[in-house]
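Pasting the sequence and the predicted coordinates here, then a few questions.
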Amino acid sequence: MRIYYNKLQFITRVSVVLLLLCPIVAEARVYLDITSAGIRKIPAAVPYFIDKQRPDMPVSDGKEMAAILGKGLKFHGFISLIDPLTYDGRHDSDWPKLGAEFVVLGKYDHTSKNILLELRLVDIAEGRMVLGRRYRGAWSKRKTMALKFCDEVILKLSGERGVSLSKISFVSDVSSYKEIFIADVLGEEIREVTKHQHLAVSPRFSPDGGSLSYTSYHRGNPDLYLTDLTKNVQKTRAISWRPGLNMAPSWHPDGKTMAITISNEGNPDLYLMNIKGKILRKLTSNAGINVSPPWSPDGKKLAFVSDRSGTPQIYVMNVRTKTVKRITYQGNYNTTPSWSPKGDSIAYAGSQGGVYQIFTIDPEGGQPFQVTKTWGSHESPCWAPDGRQIVLSRKRNDKKEICSIFANGLGLRPLFRMKGNQSFPQWSPRLKM
């Protein structure tokens, strides 16, 4: 393999590209427009789940399952949870007096290995159950069962299934090196995926959430790797190690191909590649630096960043015809686009007043909407699978952390309390568990 430029040229080109990548259904009984700025949160209660073997006393497992379900409901932003301590976690509490409009009641029977969990959503005003489910499985899956019901409740109340069973991947330097991590959205379980003891960036979930691609420099070149997340023993393989950049791929919705930035011919251009690393098609040719190419949900278009106009801006390409349209004109540095699950919006980070804020814009262009407005630098947006929230990296006082915010600009909050710095967040699709 031939290297086209010397080490200094390579480092300079890598630095420029990294700057571009990381800047300085059941019918619902109640349909709530949770993107409305004036939405009223629904008061709800989740009393302690009852162990049928010990129905007269609350036990720690019942408290734990109720707490995780309650945490999942609150995460979605339009439910306020009544503290169970105010009613001792009892199922026979005076719900109207407490102000609860909905209550989730749970009972379970179990052995040392298995559990049968019964959950009901009760509409207090109507005095009836509006949703009921029974889950049977391994005792170790009890929290997952609770979160499955949480997502069913969100569907019932809002018309869109919840995202409690999705995950977020990100880069963290908590181990002194920038490694890839994965966490559930509630921050209950956080695990380190890579242990290269080197720089790893740009994690990307496959459409089914079963694989994770990322770029690592641990062999001295930014090479692309693919990790299978479905196995008990994690398996990782290199899929593109061409000289120069093999950077920030975006999975096609078919799960068989990806768009990726490669620079082995000199200029960082976009290519269509299969998951075995075979180049299928070159998508851009020497029109500036081209990076960060998310697919539209229908797989027909790509958004990407290019400096072909002199400054980094967001473009949209029709992949079949290769026709390209610039969609951002406000600001002189716009980067890291993310296409919404419904295909109706693109989120991106844009420079404003020396810091970065998150914006959304129609894929056809137009006036962008500023999502974040608080102090700090907000980078690397990525949509939740329900299209209601955006995960991002926020920098304040030299500390980077992962936050989420609703698409209407409300509810910005940190997700994971970790030491070190976290960046490059990516939200998984809904996962089957």
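Happy to help now that I have it.

from here on, contacts and neighbour counts on C-alpha atoms
OK.

and the residue of the chain positioned farthest from its centre, what helix or strand is that in?
Here the chain reaches farthest from its C-alpha mean at residue 56, the gap being 40.8 Å by CA atoms, centre = their mean. Here residue 56, judged by DSSP states H and E, is contained in no helix and no strand.

which intervals of the chain have sub-threshold pLDDT?
Residues of the chain that meet the criterion pLDDT under 70 lie in 1-39, 232-233.

which residues of it fall in helices?
Ranges of helices within the chain are 7-21, 60-75, 95-98, 142-158, based on DSSP state H.

tell me the most buried of the ones you listed?
Greatest average neighbour count among the helices of the chain goes to helix 142-158 (a mean of 22), per mean count of other CA atoms under 10 Å.

and the angle from that helix to helix 60-75?
Calculated by axes from the mean of the first three to the mean of the last three CA atoms, to 10 degrees, helix 142-158 forms an angle of 40 degrees with helix 60-75.

How far does helix 142-158 sit from its chain's centre?
Put simply, helix 142-158 sits 18 Å off its chain's centre (CA atoms, centre = their mean, to the nearest Å).

just so I know, which of the helices of the chain lies nearest residue 217?
helix 7-21 (11.2 Å; CA to CA).

coming back round to it: make CSV out of the helices of the chain and add distance to residue 262.
Listed next are those as CSV, based on distance: least, CA to CA, whole Å:
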stretch, distance to residue 262
helix 7-21, 11
helix 60-75, 38
helix 95-98, 59
helix 142-158, 39
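
Nearest to residue 176, out of these?
helix 7-21 (19.8 Å).

roughly how far apart are residue 64 and residue 317?
Using CA to CA, to the nearest Å, one gets 48 Å for the distance from residue 64 to residue 317.

Same question for residue 160.
Counting by CA to CA, the gap from residue 160 to residue 317 is 29 Å.

and what of residue 419?
From residue 419 to residue 317 the distance is 39 Å (CA to CA).

now do residue 425
Distance from residue 425 to residue 317, by CA to CA: 24 Å.

Neighbour count: these two, which is higher?
residue 425 (31 against 21; other CA atoms under 10 Å).

so how many other residues sit close to the closest residue to residue 337 other than its chain neighbours?
What sits nearest to residue 337 in space, not counting adjacent residues and going by CA to CA, 6 or more residues apart in numbering, is residue 348, at 4.3 Å. Residue 348 has 30 neighbours, counted by other CA under 10 Å.

can you pull the contacts of residue 348?
334, 335, 336, 337, 338, 358, 359, 360, 379, 380, 381 (CA atoms under 8 Å, 6 or more residues apart in numbering).

got a markdown table for the residues you listed, with neighbour count and distance to residue 100 too?
Output for the contacts of residue 348, formatted as a markdown table (neighbours: other CA atoms under 10 Å; distance: CA to CA, whole Å):
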| residue | neighbour count | distance to residue 100 |
| --- | --- | --- |
| 334 | 27 | 45 |
| 335 | 32 | 44 |
| 336 | 28 | 42 |
| 337 | 31 | 40 |
| 338 | 27 | 37 |
| 358 | 30 | 35 |
| 359 | 24 | 36 |
| 360 | 25 | 35 |
| 379 | 30 | 38 |
| 380 | 28 | 38 |
| 381 | 32 | 35 |
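
Could you dump the residues you listed into CSV with distance to residue 222 added?
Listed next are the contacts of residue 348 as CSV, based on distance: CA to CA, whole Å:
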residue, distance to residue 222
334, 23
335, 20
336, 18
337, 21
338, 22
358, 27
359, 29
360, 30
379, 21
380, 19
381, 22
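
Name the member of those with the shortest distance to residue 84.
The shortest approach to residue 84 among the contacts of residue 348 belongs to residue 381, at 34.8 Å (CA to CA).

residues near the residue lying closest to that closest one once chain neighbours are set aside, how many?
Leaving aside its chain neighbours, residue 381 sits nearest to residue 392 (4.5 Å; criterion: CA to CA, 6+ apart). Here the number of neighbours of residue 392 (other CA under 10 Å) works out to 31.

isn't residue 392 right up against residue 425?
Yes. Using CA atoms under 8 Å, residue 392 is in contact with residue 425, at 6.1 Å.

Thought residue 184 was touching residue 190, still the case?
Yes. At 6.9 Å, residue 190 counts as touching residue 184 under the criterion of CA under 8 Å.

Counting neighbours, what do you get for residue 332?
15.

give me phi/psi at it?
phi -110, psi 10 (degrees, to the nearest 10).

so what's it up against?
Contacts of residue 332 (CA under 8 Å, 6+ apart): 311, 312, 313, 350, 351.

Look up which residues are beta-bridged to the last one.
Bridge pairing for residue 351 (DSSP bridges) gives the partners residue 356.

can you pick the most crowded of the contacts of residue 332?
Top of those by neighbour count (other CA under 10 Å): residue 350, with 30 neighbours.

Any idea how far stretch 129-136 is from the middle of the chain?
Using CA atoms, centre = their mean, the offset of stretch 129-136 from its chain centre is 28 Å.

again, but for stretch 252-261
18 Å.

Contacts made by it with the rest, please.
Here stretch 252-261 has contacts from 206-208, 245-251, 268-275, 290-295, 297-299, using CA under 8 Å, 6+ apart.

make it 7 Å
206-207, 245-251, 268-275, 290-291, 293, 295, 297, 299 (CA atoms under 7 Å, 6 or more residues apart in numbering).

Check stretch 85-101 too.
Contacts for stretch 85-101 (CA under 7 Å, 6+ apart): 42, 43, 44, 45, 47, 48, 105, 123, 124, 125.
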